[in-house]
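[1] Build me a structure from this.
(2 chains)
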Amino acid sequence: MSLSQSLRIAKHEWRLVLREPRFLAPFLLTPLLLIGIQAFNLYFRPAGSEGEALILARSLLLMLAALAPSAVVPMGADTFAGEKERNTLEILLCVPVETGALFWGKVLGVFPLPVLIGWLGQTLMLIMLAERGLMMPGFGEDAAKAMLLTPCLGLFLASVATLMSLRSESVRGAAQITSLFMLAAFFAVISAGNFIFASWAHFAVFATILLSATVTCLLLARARFRRVL
Amino acid sequence: MPAMPIVPAMTPPTATPATPVIDARNLHVTYASPRGPVTALAGLDWSLPAGALFVLLGPNGAGKTSLMRCATGLVKPSQGEIRVFGRPPPGQGGSPRSDLGRLGVLIENPGVYARLDARDYLAFFGSFYAVSDVQARIDALAGELQLELDGKPVAKLSQGNRQKLHLVRSLLHRPELLLWDEPTDHLDPVAQKAVLQYLRRYLAESGAAALVATHRLEQMESVATHFGFLNRGRLQRSGTRGEILSEGQSRGRARVGFASAPDKQLLAETAARLGIFIDAQPAPGPEDPVRPEEAAAAELRGESLEARMPDILAAMVTSGFRICSVELQRAGLAEIYERWVDA
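    Prediction:
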């Protein structure tokens, strides 16, 4: 498989996304809203409420880890179902690009941008915390876990969206089914927040489950793609 | 201005007259559908000679597009085999996907990435091929095929310009084999002419071959080197342009124009003597803008009429008929098409 071909496909996906605001606009609002809440929490909190502010800050970091990658859903749903809807898949399959490069290029095209948005938002939150002098000992570890969770969730949603995109005939269908997985992942992260932050071992267990599901979905999607050819 | 050379440097195609560019043997293609299997190709035996411009004709659903999809590897045969440049298409027997770089494909109703402009769209596809200067190539082809590159998103292009966009895309990498499905759809007459003229020139200069599926018979009559008539997944007839169009000669009809009204009795006697049928037709009259010189006309019918025509005309002139025009009525491609497709 050629990495340069994969990157070419991925760059093409990024270009399409950046020129299509409907992909990103609704999903940029969520991180912005969470950052706004964090700013309100840190700059307008009553005096002597550092403890509550830190608990909320940690929850917001986790929520951002779970919600920022949700931008993967419309982009991932579009990968193959969008090509089918536009009648461009056959054209793409007629160019001399390796099928592996085409598949991985599509996956690579959907997952980094939402993860970068998530990381950017989380970094902003941490800068605000540091600026307010609230970076307590131990909080850095929690922040690191939340930031590592972002790409894990991004990859998971990218793999589900790609699989659904290959199975569906329409982008809408793929996005709807993937949204169910996104909600499930969101509630899992929020419910397991304390479990994840308890220790690195706990975090590793949660991340391993997510990554195993990701690998399974990607293998299923790859097999499905071979059937499309 | 002299025409630019179309192919400055190109690896000669590996297909020789002895080895066809496409070779289909007992090719069956069946699609699954909710109402049961649908047969698109039913035992096709056919080959595309090197350097040919093969025009595939047939009604909707005859199997033309399926054949093209099969040649690109998009569809797998349910039985039989197809070889392109001597090898199965990618995905049908281990041929590398780099083989697709030898094909220029335009399959019916292709889509576009609406937000890209035409140049970006073409540059994206050009990047997959070893084209030395993609932008120069895009400009040259856009000029030849009258495609406007004005920076508008592809979504805003007219249907005709989108069609030209796809034609340019299929030609960017100087393919050795063109697979074009309805290439002149949505094009105005001037653009249609430009496309067909370019196609002829491209094939002549590059030595490439082309398989073109179309319903526009009149356009292809003078362009194609070969014709094939496909119906219900079977090839009813195929041959060189000369072979196919010569079938039209067997129609055995001619129209004769007279400068003065002929004697009907004498006309009947002459017909009997020559062993042909002559039907007198109403005189078109001096108002006829096409044949103002004719005072009357007749239709001649008979066996081997074309071969016997010099003798027939000589006999008629000797009998005193003042003949001012003769038109041999050959069956055109449309009529030959109907014959084979109905068959």
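[2] give me every residue that touches A:K145.
    Contact partners of A:K145, counting by CB atoms under 8 Å, 6 or more residues apart in numbering or on different chains, are A:I196, A:F197, A:W200, A:F203. C-beta coordinates here come from the backbone N, C-alpha and C atoms, glycine included.
[3] which residues does the closest residue in space to B:M68 that isn't next to it in sequence bridge with?
    For B:M68, ignoring the flanking residues on the chain, the nearest one in space by CB to CB, 6 or more residues apart in numbering or on different chains is B:L179 at 4.7 Å. Following DSSP bridges, B:L179 is listed with bridge partners B:V105, B:L211.
[4] Now for B:L179, how many residues are close by?
    26 (other CB atoms under 10 Å in any protein chain shown).
[5] The one 3 residues further on now?
    Counted with other CB under 10 Å, the neighbours of B:E182 add up to 18.
[6] close enough to count as contact, it and B:V195?
    No. Between B:E182 and B:V195 there is no contact under CB atoms under 8 Å: 11.5 Å.
[7] Same list (the contacts of A:K145) but as JSON lines, adding neighbour count and distance to chain B.
    Listed next are the contacts of A:K145 as JSON lines, based on neighbours: other CB atoms under 10 Å in any protein chain shown; distance: CB to the nearest CB, whole Å:
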{"residue": "A:I196", "neighbour count": "24", "distance to chain B": "39"}
{"residue": "A:F197", "neighbour count": "18", "distance to chain B": "42"}
{"residue": "A:W200", "neighbour count": "13", "distance to chain B": "44"}
{"residue": "A:F203", "neighbour count": "22", "distance to chain B": "40"}
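[8] Among those residues, name the ones in helices.
    A:I196, A:F197, A:W200, A:F203 (DSSP state H).
[9] ok, the second one touching A:R58?
    So the one you mean is A:F197. Yes. Contact status for A:F197 versus A:R58: in contact at 7.0 Å, counting by CB under 8 Å.
[10] Residue numbers of chain B in contact with chain A?
    Proximity of chain B to chain A, by CB under 8 Å from any CB of the partner chain, involves residues B:69, B:72-74, B:91, B:97-101, B:103, B:105, B:107, B:109-116, B:120, B:124-125, B:127-129, B:169.
[11] What's the ChimeraX syntax to select whichever of those residues are buried?
    In ChimeraX syntax, the buried subset of these is picked out as below (16 or more other CB atoms under 10 Å in any protein chain shown):
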select /B:69,72,73,74,91,97,99,100,101,103,105,107,110,111,112,113,114,115,116,120,124,125,127,128,129,169
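[12] mind listing what's buried in stretch B:163-172?
    Buried residues in stretch B:163-172 (16+ other CB under 10 Å): B:Q163, B:K164, B:L165, B:H166, B:L167, B:V168, B:R169, B:S170, B:L171, B:L172.
[13] Just the closest of those residues to B:L211, please.
    B:S170 (12.1 Å; CB to CB).
[14] Excluding covalently adjacent residues, which one is nearest to that closest one?
    Using CB to CB, 6+ apart and skipping residues adjacent in sequence, the residue nearest B:S170 is B:G104, 3.8 Å away.
[15] Pull the number of nearby residues for the one you found.
    22.
[16] I'd like the ones in helices among the contacts of A:K145 as CSV, with pLDDT appended.
    Shown next, in CSV, are the ones in helices among the contacts of A:K145 (pLDDT from 0 to 100):
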residue, pLDDT
A:I196, 87
A:F197, 86
A:W200, 93
A:F203, 93
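[17] now the residues you listed as a markdown table including distance to B:L48?
    Below are the ones in helices among the contacts of A:K145 laid out as a markdown table (distance: CB to CB, whole Å):
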| residue | distance to B:L48 |
| --- | --- |
| A:I196 | 62 |
| A:F197 | 67 |
| A:W200 | 64 |
| A:F203 | 61 |
